[in-house]
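Trainee: Please work out how this folds:
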Amino acid sequence: MSEKRYDVVIVGGGSAGCVLANRLSSSPETSVLVLEAGHSDFRIDPFIHMPAALPFPIGSRFYDWRYQSEPEPYMRGRRIFHARGKVLGGSSSINGMIFQRGNPLDYERWAAEPGMKEWDYAHCLPYFKRMETCLAGADAWRGGSGPLILERGPATGALFGAFFEAAQQAGYPLTDDVNGYRQEGFAPFDRNVHRGRRLSASRAYLHPVRGRRNVTVETLATATRIRLQGKRAVGVDYVRAGRLRRSVAAGEVILCGGAINTPQLLQLSGVGRAAHLRGLGIDVVADLPGVGDNLQDHLEVYVQHASRQPVSIAPGMRWRHRPRIGAEWLFLRKGLGATNHFEGGGFARSNDDVDYPNLMFHFLPIAIRYDGSQPAAEHGYQVHIGPMYSDARGTVEIISTDPTKHPALRFNYLSTEQDRREWVEAIRVTRRILSQSGFAAFDAGELSPGPSVETDEQILDWVARDAETALHPSCTAKMGGGEASVIDPTTMEVHGMTGLRVVDASAMPFVTNGNIYAPVMMLAEKAADRIAGNTPLGPLHVPYYSYRDGSRTYPPNNPEMSRESVDEHHS
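Mentor: You can find the predicted model right below:
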């Protein structure tokens, strides 16, 4: 076994791991090793670099860990497929490239948890701004010089125009920027696409520092155990290319494996619920019942319509057209291959009792599933829809001491009254939008779920049969100071441990309303300052839209501040 030592060993070269590798290695005195169980992305690979090719890596054993849940009791006993990136960049290398920060009030909710006061919107906003270059324009809410270059989807086709018109006719406003002052409303979306290529976390953060002498990246390196001396992490054992057993010493270990892999590795190393670990014959190092608990996710369905006019992008999906589209992308970085197609959507409240949007809509100008299957209609369109704040909670539990065995995933979808109620509301809101006159010139009828699905019971039965995960697992080693928490929100260290930190989606206490890539990147940027001992960025007290109170600023240090005054000051 090799005993080379690094100051920092990062387990997982996904979204958070790439950020940390970049920021922590900025000091030449800090040696950093990144262990990634998947393969490299340093070669040109059209399946992950071409935005429109996103259906190909999902489900492929080469790019995807291909998890499955245990049979979900409220989903007709179905096992729900979960894609997770098996490549540098992690899931940012195979996802839909949609960039959503979440609502400012998500972070007020975080900050209300014990010990979390510096995770409010004012303290998170500076890190959102630091990490991004918003090509639509920097302002008080958006960054202009970060490594993540964000293009805004054009969303200009006839079907997108009909969608935005119909949303307004149904009583929902447009907004300038769902990641800016006002999230609530409908608009073109930001996406991690730049000059016709996917801009993953690896390309944005890891590729630029490949030449640093203090950064080492090992791919095909599967961590099997955290090496511990008492309560202190001193290294990592791993297997290289499935057969070579290796060990590395570390000044500290940072887990960035995500909401599934991080609790799995903690449990394998003796950190978790004591009774469960002892049952598998694992020596308990730290009895932390929160490891693997609090699992949260977003479930979604497609509401699909046929189009009476040939205005969808369906022809581009035909095999005979794909060589031309591929060549156009390869040589010009243009055309149907250069977009993720999720160019617009919106956020809305399903009822007036919720304080901020609990529904997210993605509009797609074609009727198609992630696996590429299409309904009978040649042309169509669809809305991806699902509640954002289900109160269902699940678990991640290892079932073996073999690190190659996938843990048991139990999400408990549709298990609560709130979840079921908001699902019915979500489908009715979506149908209200799609039935407006804005779609009159195109609407040839609902394909899925279809007119036979009408009552609350029928809707829930269809969701149970048809829904898929939106691929946002999170919260399984949450930050906080309460009994169920796992991570110290100031140091990012595992409670009761030294030299062992967690920085990834598992550290989130609550899932945000939207895709979780942007919050994870912000979390990693913020954690990097704390780990490196840098002075944290100061809070930014800017207003943001609230349904109940109009323009709000937290903390209310300047109650007279308005969006207009901030814009004037910024200009």
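Trainee: Does residue 288 touch residue 486 like I think?
Mentor: Yes. Contact between residue 288 and residue 486 holds when scored by Cβ atoms under 8 Å: they sit 5.5 Å apart. Bear in mind the C-beta positions are built from the backbone N, C-alpha and C, glycine included.
Trainee: So which of those two has more stuff around it?
Mentor: Residue environment comparison for residue 288 versus residue 486 gives the larger neighbour count to residue 486, 30 against 26, counting by other Cβ atoms under 10 Å.
Trainee: Tell me who's in contact with the more buried one.
Mentor: For residue 486, the contacting residues are 266, 288, 290-291, 477-479, 494-495, 502, 506-507, by Cβ atoms under 8 Å, 6 or more residues apart in numbering.
Trainee: redo that, cut-off 6 Å
Mentor: In this structure, residue 486 makes contact with 288, 290-291, 477, judged by Cβ atoms under 6 Å, 6 or more residues apart in numbering.
Trainee: Just the buried positions in the lengthiest strand in the chain, please.
Mentor: Secondary structure of the chain per DSSP state E: the longest strand is strand 244-255. The neighbour-count criterion (16 or more other Cβ atoms under 10 Å) identifies 246, 248, 250, 252-255 as the buried residues of strand 244-255.
Trainee: Listing request: residues of the stretch 251-400 of the chain with sub-threshold pLDDT.
Mentor: Judged against pLDDT under 70, the low-scoring parts of the stretch 251-400 of the chain cover residues 315-321, 370-377.
Trainee: For burial, what's the neighbour tally of residue 380?
Mentor: Taking other Cβ under 10 Å as the neighbour definition, residue 380 ends up with a count of 27.
Trainee: gap between it and residue 313?
Mentor: From residue 380 over to residue 313 the distance is 10 Å, taken as Cβ to Cβ, to the nearest Å.
Trainee: How about residue 303?
Mentor: Here the criterion is Cβ to Cβ. By it, residue 303 lies 18 Å from residue 313.
Trainee: Residue 264 should be in a helix, yeah?
Mentor: Yes. The assignment for residue 264 (DSSP: H, G, I helix; E, B strand; the rest coil) places it in a helix.
Trainee: Let me see the contact set for it.
Mentor: Residues near residue 264 by Cβ under 6 Å, 6+ apart: 398, 407.
Trainee: what do you get for the one 3 residues further on?
Mentor: Contacts here follow Cβ under 6 Å, 6+ apart; on that basis residue 267 touches residue 398.
Trainee: tell me the secondary structure for it?
Mentor: Under the three-state scheme (three-state DSSP), the conformation of residue 267 reads as helix.
Trainee: Check the spacing between it and residue 203 real quick.
Mentor: 32 Å.
Trainee: so where do the strands sit in the stretch 201-350 of the chain?
Mentor: In order along the chain, the stretch 201-350 of the chain carries the following strands (DSSP state E, counting those that start in this stretch): 215-218, 221-229, 232-240, 244-255, 271-272, 286-287, 299-307, 344-348.
Trainee: Check those strands for me and report the most buried one.
Mentor: Comparing the strands of the stretch 201-350 of the chain by mean neighbour count (mean count of other Cβ atoms under 10 Å), strand 271-272 comes out on top with a mean of 29.
Trainee: Mind listing the strands that one pairs with, and their directions?
Mentor: When pairing is defined by DSSP bridges, strand 271-272 lines up against strand 286-287 (parallel).
Trainee: can you list the residues that contact the partner strand?
Mentor: Contacts made with strand 286-287 from outside it, assessed by Cβ under 6 Å, 6+ apart, are listed as 271, 274, 496.
Trainee: residues near the last one, how many?
Mentor: Spelled out, it's residue 496. 14.
Trainee: same deal with residue 493?
Mentor: Residue 493 has 21 neighbouring residues, counting by other Cβ under 10 Å.
Trainee: list the contacts for the residue nearest to it when sequence neighbours are not counted?
Mentor: Distance criterion Cβ to Cβ, 6 or more residues apart in numbering; nearest residue to residue 493, sequence neighbours excluded, is residue 501 at 5.2 Å. If you count contacts by Cβ under 6 Å, 6+ apart, residue 501 has them with 254, 492-493.
Trainee: Out of the strands of the stretch 201-350 of the chain, flag the one nearest residue 437.
Mentor: Evaluated over the strands of the stretch 201-350 of the chain, closeness to residue 437 peaks at strand 299-307, with 14.2 Å, by Cβ to Cβ.
Trainee: Could you name the helices and strands sitting against the closest one?
Mentor: The elements that strand 299-307 packs onto, with contact taken as 3 or more Cβ pairs under 6 Å, 6 or more residues apart in numbering; DSSP states H and E, are strand 380-387, strand 443-448.
Trainee: give me that answer again for 7 Å
Mentor: Packing contacts for strand 299-307, counted by 3 or more Cβ pairs under 7 Å, 6 or more residues apart in numbering; DSSP states H and E, involve strand 380-387, helix 417-434, strand 443-448.
Trainee: Return the list of strands paired to it, each annotated with direction.
Mentor: strand 380-387 (antiparallel), strand 443-448 (antiparallel), strand 468-469 (antiparallel).
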